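Asks: what shape does this take:
(chains A and B)
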Number of protein chains: 2
Amino acid sequence: MSVASVDHDMLTALGRQLRVDAVRAADFAGSGHPTSSLSAADLMAVLLARHLRYDFEAAQNPANDHLIFSKGHASPLLYAMYVAAGAISDEELRWYRSSGSRLQGHPTPALPWVSVATGSLGQGLGVGAGIALAGERLDRRDFRVWVLCGDGELAEGSMWEAFEYAGYERLRNLTAIVDVNRLGQRGPTRYGWDTATYARRISAFGWHVVEIDGHDVDRIDAAYAEAAESARPTAILARTRKGKGVRAVEDAEGAHGKPVPNAESAIAELGGRSEIRVEVAAPEYERPSPPGGERALAIPVYERGESVATRTAFGRALAAMGHARPDLVVLDGEVSDSTRTAYFADEHPDRFFECYIAEQQMTATAVGLSARGWLPFAATFAAFWSRAHDFVRMAAVSGVDLCLVGSHAGVSIGEDGPSQMGLEDLATFRALWRSTVLYPCDANSTAHLTAAMAEHSGIRYLRTTRADTPVLYGPEETFPVGGSKVLRSSEFDDVTIVAAGITVHEALGAAELLADDGVRARVVDLYSLKPVDVATLRRAAADTGRIVTVEDHWPEGGLGDAVLDALTESTVMPTVVKLGVSALPGSATPAEQLRHAGIDAESVAEAARELAGE
Amino acid sequence: MSVASVDHDMLTALGRQLRVDAVRAADFAGSGHPTSSLSAADLMAVLLARHLRYDFEAAQNPANDHLIFSKGHASPLLYAMYVAAGAISDEELRWYRSSGSRLQGHPTPALPWVSVATGSLGQGLGVGAGIALAGERLDRRDFRVWVLCGDGELAEGSMWEAFEYAGYERLRNLTAIVDVNRLGQRGPTRYGWDTATYARRISAFGWHVVEIDGHDVDRIDAAYAEAAESARPTAILARTRKGKGVRAVEDAEGAHGKPVPNAESAIAELGGRSEIRVEVAAPEYERPSPPGGERALAIPVYERGESVATRTAFGRALAAMGHARPDLVVLDGEVSDSTRTAYFADEHPDRFFECYIAEQQMTATAVGLSARGWLPFAATFAAFWSRAHDFVRMAAVSGVDLCLVGSHAGVSIGEDGPSQMGLEDLATFRALWRSTVLYPCDANSTAHLTAAMAEHSGIRYLRTTRADTPVLYGPEETFPVGGSKVLRSSEFDDVTIVAAGITVHEALGAAELLADDGVRARVVDLYSLKPVDVATLRRAAADTGRIVTVEDHWPEGGLGDAVLDALTESTVMPTVVKLGVSALPGSATPAEQLRHAGIDAESVAEAARELAGE
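Replies: Sure, this is the predicted structure:
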């Protein structure tokens, strides 16, 4: 049959077909997770045939539901669904996991129907919550978000951040379908089929919970209907059997993540191939409607001589951008008074989302909003971005647009001590696919770069400083991403000092000290660490032959390494001295911290003097 | 009074004194969190005077309880407790947050009574669970672990990983004291004083829960007694008032993280200074008793010509080390069949801890075990260490000994795709204080380096490879940390190829191809990325003037940057070409992945040929 009548038998048959195609996909590939697909096949059959509203011909239709496989390893099942929906051909399924195929081992947005990449467990539900939030609070559309979760991933704390977030925000358009197949990668989960334990927990987080047999298509159907009616997010806890339908692997340990041993006999056991095509209910086509009302950007500027923290300049710029860009949304991890996103919250409360102290969910929410076409800025202390590193890594894989801001960078925060000091953030944000890393030193460059971030793509990171710093640039200056500023130079410079953020001011102080000794220092403000201004750095290398880099960061992976990288393949290689934080700081004043770390003006001058004297 | 009689009035007076001293500490410093201290002062007064068993003269006494301030910003309260216990002088309190003082803004093990650094919220309870686990399963001692938590940090998913872990493991020696003061940094928490909401959740995770008025010393006392009797871990949910006792800041927004406005009048309002000294109940002194039974290490070795995955060599070495070192414990994030810690689990089930898919809690447990003197190895996929980055960062601040292992590194895993590929781990692990980063290419070097890790200190990271690779070294070779191996060289090398792990084999293949073209390539196996073998790299630079680095990692922060760093301040700077993964991989076979990324033998040869031809 080409378009099936939707009844019990058809749903059962569709479940079988999804199983067969999942087994076949993994068999074609010689790898993959068929057993994790088999457990969820009935759940997905009923969803596809009866509840999902999706126009596979128009993935950009903003009225489409979202289906997220948080258990991304069950990709054979997802792709089998695409076959059943007629979105891809059976022929394409044969290329599963092959080089160049869109049907990757774990789903990515290489496929138009995949909103976000999954495969790092514990992330799909949080991102789904972000998408659901967009539906409820911003898009105001009635699409639903369906997230297929594994039981194993319920051990991830990020899942509970997501349950908390969605429960508190009462995201009734969100349904978590938990495939409780009892078995993780290497053996049983903690609670096996005891869905009551999960139910107690999830309902304590404000969710509506339904426990069902995940192979009973009627119960599944009823549960989805119940979810649609609930005023709260719904979790469907479905008891299933991993490898369901294939005796050799059903409910068996040691059968995770590999093709079933004999695909041919497994397919026969499942009832053989079929070609059921499901006409998935497509919502009325609607054009994406970006929020209107763009206005010219009037970004706050500062006069030379003022003293303004870059975090403050960021916050003020962001608030101004909120007036110019109606698609801008802002999230914060309960430190908006410190990061200064509070300025945006004050002026645009409907587009500000307080995420409390849950950096993973904050990132997931931002990813979800981005997947819906909103442009999120999310901020916390630079140090606490380390909490969300895996989420940011996966956001990069998803290719979404995120603007992330880390305040209170480096030892220069002073007394609070090492737990609060971002000293590794430049390294982690540089080592992401297609990332942009910016670190301005004054209020005007911060304002410009905050605006520039919004126009860029991929993961962009802005590092800000706690303390007030002097305004160095006039309001008319421009700061292209990938550029730098030569703040001081002469025809016969002896040495170049490359700095960014707080250390630019120390570098300028060092240049003064050096001038007193007759040493001419060029000073480069390397506000863009990735991409980096190769031309200016190579010119400095050629002109001065000696470079001192200075950064408020561990010596690894930050500004110094970015400079060295820019100088590879240079015709003239300079001698480079890297200054950074190499000992564990304690409490001290900001000035003491810079001195102890050897990155204050005197230390920089001393290093430059020694180098120039060689 | 010097030693107080412990009754209601004394407890109340002690609470007042702790408040006064917390206010004074922050006032001396001109910064800090007195209001977050005031809310918990009664809780801590009763604990110190009536329930804590701690010998402040012998912090190394293994019978001591552990007190962890998960809300590390309440350090003024902790230090006020130390004054009351006679552990530090009132004079020392005056140096709070000053340069060189042990009394840092957030507690660190610079103080002998602080087991682990806190200050990144959501970590203390998990680490406490690890310490409690040591007490129950390894040390078999009846000390208790008391963790003071904030209500704000209950939003962190890591807290729920900790509740889950301790609940499942029935760690009855663990008590979470939650200071529900209703106010976060920038305003109210989600649930205010609604402790019933928290109670429902925490009890659903298998804990005994008590809700009390956190300023009622009798109820507090009874709650601690109840915790001691419980067969499960206990959470005491204490409704308190932030800034309690000082009208200007009590239960007030905008008073977080700063000294109270008028310390003198606040102290008067609190009843003025007092000098109560509490004789904290000290447990009988016991010598630390490291588990006996060391045996000579017989590490599995391999013959040249065999083909063995480095992850397998790691797992086998670890299992062997388990026989030699009775203090060795191993943790895994539900992937022990992949990381190969399963070999250890099979042979030493009593020292293997399955942490399920919860990398943050796995790290926290490891930190707790380390704080008790055990040597933990913890393993997961390299990619998933990004989930625990903040925990690893704080472990470095704590200065604990951790051996961490990341398997399935790089694109060479093949078909699973980018979500499973560790491509940033070298960057993140290099940018940690006092870390060691190792990346062996064959079974014998892996076995030796696994053993060497155990003898090192601080955070050590070992990166392993999924695929089988040829054994290059004989069993007799040694692999000092900080060393490297020159695998191929001649007197007149044209170019040096520096590689590690999987790319060593590609580099050797490249050298063969180059030899066919008459280009002599030196090949360096840089198995130690931090510390790095500066001498060998500088010699290669001087000898060949041209270096190609090749790594299965993003171009930033990994091997290439480690090489460049080693070459700074060289007398002769070579031209360096860095090869790494610069495009987002999809699915493909391992060989295809290496080729697409431009890090296979042909690509390396081409880069080297071009460089040598310049």
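
Asks: enumerate the residues of the stretch 201-350 of chain A near chain B.
Replies: A:201, A:204-205, A:334-338, A:342 (Cβ under 8 Å from any Cβ of the partner chain). Every residue, glycine included, has its C-beta placed from N, CA and C.

Asks: show me which residues of the stretch 501-614 of chain A sit near chain B.
Replies: By Cβ under 8 Å from any Cβ, the residues of the stretch 501-614 of chain A that approach chain B are A:530, A:553-558, A:560-562, A:564-565, A:568-570, A:573-578, A:584, A:586-589, A:592, A:596.

Asks: still on that earlier bit, so which of the residues of the stretch 201-350 of chain A next to chain B wins on neighbours?
Replies: For those, the largest neighbour count, defined by other Cβ atoms under 10 Å in any protein chain shown, is 27 neighbours, found at A:Arg201.

Asks: element containing it, please.
Replies: Using DSSP states H and E, A:Arg201 maps to helix A:195-204.

Asks: ok, and what's touching that helix?
Replies: A:151, A:154, A:160, A:163, A:176, A:178, A:180, A:191, A:209, A:211, A:235, A:237, A:239, B:197, B:200-201, B:204-205 (Cβ atoms under 8 Å, 6 or more residues apart in numbering or on different chains).

Asks: if you set the cut-off to 6 Å instead, what comes out?
Replies: Residues from elsewhere that reach helix A:195-204 (Cβ atoms under 6 Å, 6 or more residues apart in numbering or on different chains): A:163, A:180, A:191, A:209, A:211, A:235, A:237, A:239, B:200-201, B:204.

Asks: ditto for stretch A:313-333
Replies: So stretch A:313-333 is in contact with A:291, A:293, A:295, A:297-300, A:339-341, A:343-344, A:347-348, A:351-353, A:355, A:357, A:359, A:362, A:365-366, A:369, A:374-380, A:443, A:446-447, A:450, A:464, going by Cβ under 6 Å, 6+ apart.

Asks: likewise for stretch A:349-369?
Replies: The contact list for stretch A:349-369, computed with Cβ under 6 Å, 6+ apart, reads A:116, A:126-127, A:130-131, A:134, A:158, A:161-162, A:165, A:329-331, A:333-334, A:344-345, A:376, A:378, A:380, A:384, A:387-388, A:391, A:395, A:400, A:402, B:121, B:152-153, B:155-157.

Asks: would you mind measuring the gap between the ends of that stretch?
Replies: Stretch A:349-369 has an end-to-end distance of 16 Å (Cα to Cα, to the nearest Å).

Asks: same deal with stretch A:343-362?
Replies: By Cα to Cα, one end of stretch A:343-362 lies 18 Å from the other end.

Asks: which parts of that stretch are buried?
Replies: Going by neighbour count (16 or more other Cβ atoms under 10 Å in any protein chain shown), the buried part of stretch A:343-362 is A:343-345, A:348, A:351-362.

Asks: let me see the domain layout of chain A.
Replies: Domains of chain A are assigned by automatic domain parsing as A:2-278, A:307-470, A:485-613.

Asks: and the ones you listed, which is most packed in?
Replies: domain A:307-470 (a mean of 25; mean count of other Cβ atoms under 10 Å in any protein chain shown).

Asks: how far does that one sit from its chain's centre?
Replies: Offset of domain A:307-470 from its chain centre (Cα atoms, centre = their mean, to the nearest Å): 12 Å.

Asks: could you do stretch A:35-48 as well?
Replies: With Cα atoms, centre = their mean, you get 27 Å for stretch A:35-48.

Asks: and stretch A:91-102, by the same measure?
Replies: Remark: stretch A:91-102 is offset 26 Å from the chain centroid, using Cα atoms, centre = their mean.

Asks: related to what we said a few turns ago, please flag which of the residues of the stretch 501-614 of chain A next to chain B sit within helices.
Replies: Judged by DSSP state H, helices contain the following of these: A:560-562, A:564-565, A:592, A:596.

Asks: for A:Gly509, state which of the residues you listed is nearest.
Replies: Using Cβ to Cβ, A:Glu592 is the member of those that lies nearest A:Gly509, at 15.5 Å.

Asks: for that closest one, which non-adjacent residue is spatially closest?
Replies: B:Ser99 (4.7 Å; Cβ to Cβ, 6 or more residues apart in numbering or on different chains).

Asks: pLDDT on the top helix by length along chain A, on average?
Replies: In chain A, taking DSSP H as the definition, the longest helix is helix A:8-29. In this model, helix A:8-29 carries a mean pLDDT of 97.

Asks: CA-only coordinates of the helix or strand that that helix is followed by in PDB, if you can.
Replies: Following helix A:8-29 in sequence order, the next helix or strand is helix A:34-38 (DSSP H and E). Extracted in PDB, the C-alpha atoms of helix A:34-38 (Å, rounded to 0.1, in the frame of the first residue of the first chain):
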ATOM      1  CA  PRO A  34      20.300  -1.400  15.600                       C
ATOM      2  CA  THR A  35      19.400  -2.800  19.000                       C
ATOM      3  CA  SER A  36      18.800   0.700  20.400                       C
ATOM      4  CA  SER A  37      16.700   1.400  17.400                       C
ATOM      5  CA  LEU A  38      14.600  -1.700  17.700                       C
END
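
Asks: can helix A:34-38 be found next to chain B?
Replies: No. Helix A:34-38 lies out of reach of chain B by Cβ under 6 Å from any Cβ of the partner chain, never closer than 13.2 Å.

Asks: now that helix: average pLDDT?
Replies: 97.

Asks: how about the helices in the stretch 251-400 of chain A?
Replies: Applying DSSP state H, counting those that start in this stretch to the stretch 251-400 of chain A gives helices spanning A:263-269, A:310-324, A:336-339, A:342-347, A:359-371, A:389-398.

Asks: could I get the shortest one in CSV with only the CA atoms?
Replies: By that I understand helix A:336-339. Output of helix A:336-339 as CSV, limited to C-alpha atoms (Å, rounded to 0.1, in the frame of the first residue of the first chain):
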residue,chain,number,x,y,z
SER,A,336,23.2,39.3,35.0
ASP,A,337,24.2,42.0,37.4
SER,A,338,27.8,40.9,37.0
THR,A,339,27.8,40.1,33.2
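
Asks: can you tell me which residues contact A:Ala22?
Replies: Counted by Cβ under 6 Å, 6+ apart, A:Ala22 has contacts A:34, A:37, A:76-77, A:80.

Asks: where's it relative to A:Val280, distance?
Replies: 18 Å (Cβ to Cβ, to the nearest Å).

Asks: same question for A:Ala80.
Replies: Look at A:Ala80 and A:Val280: by Cβ to Cβ, they are 14 Å apart.

Asks: what's the answer for A:Pro62, then?
Replies: To A:Val280, A:Pro62 is 17 Å away according to Cβ to Cβ.
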